[in-house]
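J.: Just to be clear, the model below is a prediction. Sequence and coordinates:
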Amino acid sequence: MQRLTISLDDNIAAAIDDFMERQGYSNRSEAVRDLVRDALVRSQEAGPSTHRCVAAVSYVYDYNGRDLAMRLDRAQHEHHDLTISTMRTRLDHHHCMEVTLLRGHTDAVRKLAAQTMAERGVHFGQVNLVPIQDGGHSHAHDEDGHQHDHSTPAL
């Protein structure tokens, strides 16, 4: 870990302190680290990416809307190599909130997330993307030798 010293104007320092209080941070360093991580990940979204990531795609949709639930489910089946898991909860008689976890090449994950959120009837879509280190390794922890991959965050 490296120690950096930065100078901020009073308004930015106050905004960071407010952010810390609202989010429950105990110190400025951790708050600034998270803000910088978020900005770095977002700045990478504009350009091409060759990295892998994990992502949580969350959205609300009308369950009764023109076979939308079936289309969303079909897209996940067609991208089974990216889809880890999906959780759905009913909000009312018509609306569901769904969170889909994805893992794979960053460009492919972004494309599937964008297609999902662009579906007619999908509202409030957001993507929380976490870059993971390339060159991860597989190994077994149990006596049966079941292999699994590690997805270590890159930042």
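T.: Cool, the structure landed.
J.: on contacts alone, who are the packing partners of the helix or strand encompassing D34?
T.: Using DSSP states H and E, D34 sits within helix 28-44. The helices and strands touching helix 28-44, judged by 3 or more CB pairs under 8 Å, 6 or more residues apart in numbering; DSSP states H and E, are helix 10-23, strand 122-132. C-beta here means a position set from N, CA and C on the backbone, and glycine is covered the same way.
J.: between that helix and strand 122-132, how many degrees?
T.: With axes from the mean of the first three to the mean of the last three CA atoms, to 10 degrees defining the directions, helix 28-44 sits at 110 degrees from strand 122-132.
J.: picking that back up, of all the helices and strands packed on helix 28-44, which lies closest to T86?
T.: strand 122-132 (13.6 Å; CB to CB).
J.: quick one: the closest one to chain centroid distance?
T.: What separates the centre of strand 122-132 from the centre of its chain is 5 Å, taken as CA atoms, centre = their mean, to the nearest Å.
J.: got the buried residues for that strand?
T.: Buried residues in strand 122-132, counting neighbours by 16 or more other CB atoms under 10 Å, are found at 122, 125, 127, 129, 131-132.
J.: and of those residues, the nearest to I6?
T.: When the buried residues of strand 122-132 are ranked by distance to I6 (CB to CB), P131 comes first, at 23.3 Å.
J.: Bridged to that closest one, which residues?
T.: C53 (DSSP bridges).
J.: What distance do you get for it to D67?
T.: When distance is defined by CB to CB, to the nearest Å, P131 is 34 Å away from D67.
J.: Domain-wise, how is the chain divided?
T.: 10-44, 52-132 (automatic domain parsing).
J.: so where is the chain shaky, pLDDT-wise?
T.: Applying pLDDT under 70 to the chain flags the ranges 41-50, 134-142, 145-149, 155.
J.: Would you mind finding the most buried of the domains of the chain?
T.: Ranked by mean neighbour count, the domains of the chain are led by domain 52-132 with a mean of 16 (mean count of other CB atoms under 10 Å).
J.: How about H123: which residues does it bridge to?
T.: Applying DSSP bridges, one finds that H123 bridges with V60.
J.: residues touching it, list them.
T.: H123 makes contact with 59-61, according to CB atoms under 8 Å, 6 or more residues apart in numbering.
J.: Nothing else from me, thank you.
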